[in-house]
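S.K.: requesting a structural model of the entry that follows:
(chains A, B, C and D)
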Number of protein chains: 2
Amino acid sequence: MMPKKIGFDEGRIVPLTLSGQVVERLRNWILLGELAPGEVLVERVLSEKLGVSRTPMREALRLLGSEGLIDMVPNRRPRVADPTLSEILELLEVHSLLEARGTRLAAQNISQNQLGELERLIDEMENSGAIRGQFEFFELDMNFHRKIVEASCNATLIEVHSQLNARLYRTRFLSTQTISNRPLMHSQHLKILESLQMKDGNSAQSHLEEHLLQLGKNITAIFKNDTQKKEE
Amino acid sequence: MMPKKIGFDEGRIVPLTLSGQVVERLRNWILLGELAPGEVLVERVLSEKLGVSRTPMREALRLLGSEGLIDMVPNRRPRVADPTLSEILELLEVHSLLEARGTRLAAQNISQNQLGELERLIDEMENSGAIRGQFEFFELDMNFHRKIVEASCNATLIEVHSQLNARLYRTRFLSTQTISNRPLMHSQHLKILESLQMKDGNSAQSHLEEHLLQLGKNITAIFKNDTQKKEE
DNA sequence: TACCAAAATTTTGAATTTAAATTGGGGATA
DNA sequence: TATCCCCAATTTAAATTCAAAATTTTGGTA
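M.R.: Sure thing, here's the model as predicted:
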C-alpha cells in the first residue's frame, strides 16, 4: 500500500527506521528554514506531505521536541522552536564551553589525517569566497568546527555539542550570511589549526574562545537588527 | 520578555500526558535499579504491567532512548543502558565541565534564599549520617549539586546537566553507597558554600572541580571492584 | 461594531489492528 | 559432527480507528 521507497534496503549496517527518516527530513527542513521558526506543524498535514502515517510522524516530532528544535505541548499543535535572544545566548554559552573543551582535547588526540582535513577546509573556505555562495562557505565553517570536536574522541561531548549546534544552526547561518568578516575568521581558523598542529591544547582553546566570542557579538547584532525589521 | 511569543500562554498548567507519566515511572525504575543495566525490555510486557497500551509505551521508550538511558536499535528489543567505564568517564567529564561552569555562574546569580537551602542541605547531610540510610544522604547530596546548577539561571545548562546526571545517577549512587568518605565531602561542600556566599565564582568553581575529581576516582575504584566480582 | 457564549470543526492522544523484521530451533547435507 | 538454510514463533514498526481535548466559527446581544 505504501510506496515506502524513501531509503535503500541495503541498510544492513543500520536499518534506518521510517520515523528515523522522517526525523532527518524534518530536521533539515527546520535547519534550512523551509519550516520557519514559530510555524505551527499539523501532524496529519505533514505526514500526508511525506507519505507516511501519523505514527512515525508523531515519533519524529517528539524526538525533535526532545532535541529542542520543536516546542511540544500536550494537546497542542507543535511549533518550530523560535528562541529569544537571551535563550540563544544561553545556548551559545554552553555550546562554546563544550567546543572549547573539545578543542583542547582534540589537541591531544587529533591525527595527521584529521589535521589535513582541517587544512583543506580552510583552503576551500578561502577559495570559495568569490566563486561560490555564502551557504557553501557556511557549511565549510560548520564542518571545520564539527571535525575539531570530533577529534576530541569524547562521544558524549560530540553528541551534546552536535545537538546544541542544531539549535543554533539557523542563527549561525544568519550570522555568516550578513556579516562576512572573512579575513578575521580566516586568521582565527589558521591560529586554531596551528595550535592543534603543535599539540598545544591551551592555545587552541583560547584561540577558539576568541573566535566564538566574535560569533556571540555577531549574533546579538543580527538579532537586534532582525527584530527591528519585524516591528516596521 | 520578548513580545514575539504571543499566543503561548506561559503560566498554563500543562496536562501530563500518559506517555509522559510512563516516562517518569520508567526513568525512576531505571535510576533506582529496579530495571537493571543491560536488562531487555519488552514493549508488550511493560505496557501490560503499567496498564497502558503499547503506543504511549513506545513513545516513552524512544524518549528515554534519546536521553541515553535506554539503548534503542530498530527492530530489536530495547535494553537498559549499561555503559562501560570509559563511557562513564566521558560522561563524567562533560557533566563536571557543565557543573563547574554552573557553579561559577551561580556565584553571580544565587539568591539569599537559595543559599539558605544549600546550608540546610549540608546540615541535613551531616545529621543524617548516623540516623538515616545511605540513600537519604545520597539524595541530599544530589539535591545540593542540582540546586547549585539551578542557581546559574542558564536554562540550557540546567537541562543538559540534568540529563547527563540521570545517565550517571546509578554510578553516583553506588559511589556514595560503598565509599563513604563523608568528612571530606562535608568539608568540600562547606568550602563551595562559603565561596558562593562570598560571590567568588572562581573559588567556588575550583572547589567544586576538586570535589568532582574525587568522585571520578571513587567511580573508577567502584567500577573495577564491581567487574572483578562479576568475573568470580 | 465589539464582545461573549455555544456549536461545529479540527487536531491530538491512545487503542487496536496489520505488516514486517528478527530470533531461535530443527533438519538436511557435506 | 558441524554447518548452513529454512520455517515458525516472537517482537517491533507502521497504519488505522476511536475518543477526548482544543480551536475556530457562528450566532446572538448589548
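S.K.: any idea of the mean pLDDT for the longest helix along chain A?
M.R.: When chain A is scanned for its longest helix (criterion: DSSP state H), the result is helix A:201-231. In this model, helix A:201-231 has a mean pLDDT of 85.
S.K.: ok, now stretch A:35-55?
M.R.: 93.
S.K.: residue A:166 touches residue A:66, doesn't it?
M.R.: No. Assessed by Cβ atoms under 8 Å, residue A:166 is found out of contact with residue A:66, at 11.9 Å. No exception for glycine: its C-beta is placed from N, CA and C like everyone else's.
S.K.: which elements pack onto the longest helix of chain A?
M.R.: Where contact means 3 or more Cβ pairs under 8 Å, 6 or more residues apart in numbering or on different chains; DSSP states H and E, helix A:201-231 is packed against helix A:85-109, helix A:155-178, helix A:182-197.
S.K.: as CSV, those with mean pLDDT would be great.
M.R.: Below are these laid out as CSV (pLDDT from 0 to 100):
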stretch, mean pLDDT
helix A:85-109, 97
helix A:155-178, 92
helix A:182-197, 93
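S.K.: and among these, the most buried is which?
M.R.: Of the helices and strands packed on helix A:201-231, the one with the most neighbours on average (mean count of other Cβ atoms under 10 Å in any protein chain shown) is helix A:85-109, at a mean of 21.
S.K.: contact partners of the helix or strand just after that helix?
M.R.: Proceeding N to C from helix A:85-109, the next assigned helix or strand is helix A:112-131, under DSSP states H and E. Residues outside helix A:112-131 that contact it (Cβ atoms under 8 Å, 6 or more residues apart in numbering or on different chains) are A:136-137, A:140-141, A:143-144, A:147-148, A:150-151, A:182, A:185-186, A:189-190, A:193, A:196-197.
S.K.: how about a cut-off of 10 Å?
M.R.: A:106, A:110-111, A:132, A:134-148, A:150-151, A:180, A:182-183, A:185-186, A:189-190, A:192-193, A:196-197 (Cβ atoms under 10 Å, 6 or more residues apart in numbering or on different chains).
S.K.: pull the CA atoms of that helix into PDB?
M.R.: Taking Å, rounded to 0.1, in the frame of the first residue of the first chain, the C-alpha atoms of helix A:112-131 are listed here in PDB:
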ATOM      1  CA  GLN A 112      47.600  13.800  11.000                       C
ATOM      2  CA  ASN A 113      44.800  12.800   8.700                       C
ATOM      3  CA  GLN A 114      42.300  14.900  10.500                       C
ATOM      4  CA  LEU A 115      44.700  17.800  10.600                       C
ATOM      5  CA  GLY A 116      45.000  17.500   6.900                       C
ATOM      6  CA  GLU A 117      41.200  17.700   6.500                       C
ATOM      7  CA  LEU A 118      41.100  20.900   8.600                       C
ATOM      8  CA  GLU A 119      43.700  22.400   6.400                       C
ATOM      9  CA  ARG A 120      41.700  21.500   3.300                       C
ATOM     10  CA  LEU A 121      38.600  23.000   4.800                       C
ATOM     11  CA  ILE A 122      40.400  26.300   5.500                       C
ATOM     12  CA  ASP A 123      41.700  26.400   1.900                       C
ATOM     13  CA  GLU A 124      38.300  25.700   0.500                       C
ATOM     14  CA  MET A 125      36.800  28.500   2.600                       C
ATOM     15  CA  GLU A 126      39.300  31.000   1.300                       C
ATOM     16  CA  ASN A 127      38.800  29.900  -2.300                       C
ATOM     17  CA  SER A 128      35.000  29.800  -2.100                       C
ATOM     18  CA  GLY A 129      35.000  33.500  -1.200                       C
ATOM     19  CA  ALA A 130      34.500  34.900  -4.600                       C
ATOM     20  CA  ILE A 131      33.300  32.000  -6.700                       C
END
